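**Student:** Need coordinates for the below:
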Amino acid sequence: MDTELVLGGLGGCLFGLLLLWDGLSRRRQHRLVTRTETTEIRQLTETGRVEIEGEVVGPADGSETFTSPVGERPGTVLAGWAVEEWSERGKRQRWTTLASGVYSRPFVVDDGTGRVRVALDDRVVGGESVLSTLRSVASDGTASGRGVAVDGGVTVDGVVCEFEFLPTVEVGAGSTPPDHIRRFVAGERRLSEGTDSLTNLVDLGHAHGDRRYHEGTLAVGDDVYVLGHATADAKATTPLRAEDVVVTAVDDEPFVVSDRPEAALADRLEDYEGRLFVGAVVLLLGLGSVATGATDLL
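**Tutor:** Okay, here's the model as predicted:
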């Protein structure tokens, strides 16, 4: 029993540390959003970190819009998605992240003073990471991987997508998915076809193999907030002009895109305070369990 107490305490310590790490990451995002001044696009004359708000007016650089893979929204320029599956392994029963990603085409943002291009590479991560259970405390038990959907958010390799709404398509274990979901799964190498339930018994409303496909999108006509890095394209001249600028993601610096206005986005990211508090409490409880168990073993 004392050994179990120590092991449970160590697990609590790890979970607490992960919550603290996640909270610190969210705090950094919140500070970047609130402390970076919004720049009028016509005043984009330097490279570096930049914050803009405007309207998506169309694709850029000869690209075309696409129909989003989960919600089938036409005119899409960016789709952040995540796929979760209900897992029953021994005593563990939870949602696990199979894969998540961001599909994007270069697009143009107009704020009324000028226009600028925003360009991101597609990025997809598969499976779960050490953050796979962090955000279960923030919603309905949804576990999150490096890029999972939680309360409107999808984060993949430093690209933070926050959406007002995140529609979900649910497919039961052993059920035939809609045609567009089947095409999506077939075209994404990090996903495989769903499996039947191991027991064919429903537990807490879910069966092993149930899937949830989440997706948030930006389409032509949507309002958009972007916090990224302004770079000069290959044809840029001196002095730099907005039409020669491309806002993109760079290493070691979060890229934030949202259909929420800045104030609402800042409020959303302010949940880092709760994450830090819960992380500290869980860590202390874990340390207490380890200390108690270790003392009893001596």
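
**Student:** For the residue nearest to Glu262 when sequence neighbours are not counted, give me its contacts.
**Tutor:** Leaving aside its sequence neighbours, Glu262 sits nearest to Tyr225 (CB to CB, 6 or more residues apart in numbering; 5.7 Å). The way it works is simple: take the backbone N, C-alpha and C, and place the C-beta from them, glycine included. Each residue near Tyr225 by CB atoms under 8 Å, 6 or more residues apart in numbering is listed here: Glu51, Ile52, Glu53, Val256, Val257, Ser258, Asp259, Arg260, Pro261, Glu262, Leu265.

**Student:** Any figure for the gap between the fourth one and Leu276?
**Tutor:** Spelled out, that is Val256. 20 Å (CB to CB, to the nearest Å).

**Student:** for the last one, same thing?
**Tutor:** With distances defined as CB to CB, the gap from Leu265 to Leu276 amounts to 19 Å.

**Student:** Which of those two has more residues huddled nearby?
**Tutor:** Of the pair Leu265 and Leu276, Leu265 is the one with more neighbours under other CB atoms under 10 Å, namely 24 against 18.

**Student:** Enumerate every residue touching that one.
**Tutor:** So Leu265 contacts Val33, Glu162, Tyr225, Val256, Ser258 (CB under 8 Å, 6+ apart).

**Student:** now do Thr113
**Tutor:** Counting by CB under 8 Å, 6+ apart, Thr113 makes contact with Glu40, Ile41, Arg42, Gln43.

**Student:** would you say it is within a strand?
**Tutor:** No: assessed with DSSP: H, G, I helix; E, B strand; the rest coil, Thr113 is coil; it does not lie in a strand.

**Student:** May I have the predicted confidence score for it?
**Tutor:** We have a pLDDT of 97 for Thr113.

**Student:** for it, phi and psi?
**Tutor:** When read as degrees, to the nearest 10, the backbone of Thr113 gives phi -110, psi -20.

**Student:** Also Ala291?
**Tutor:** The phi/psi pair for Ala291 (degrees, to the nearest 10) is phi -60, psi -40.

**Student:** now do Asp111
**Tutor:** According to degrees, to the nearest 10, Asp111 has phi -110, psi 10.

**Student:** State the distance from it to Ala232.
**Tutor:** For Asp111, the distance to Ala232 (CB to CB) stands at 19 Å.

**Student:** same thing with Pro106?
**Tutor:** Distance of Pro106 to Ala232, given as CB to CB: 15 Å.

**Student:** do Val256 as well
**Tutor:** Noted for Val256: a distance of 21 Å to Ala232, by CB to CB.

**Student:** quick one, which of those two is more surrounded?
**Tutor:** For the pair Val256 and Ala232, the greater number of neighbours falls to Val256 (23 against 15), based on other CB under 10 Å.

**Student:** ok, and the closest non-adjacent residue to that one?
**Tutor:** Using CB to CB, 6+ apart and skipping the chain neighbours, the partner closest in space to Val256 is Leu227 (4.1 Å).

**Student:** Sounds good, over and out.
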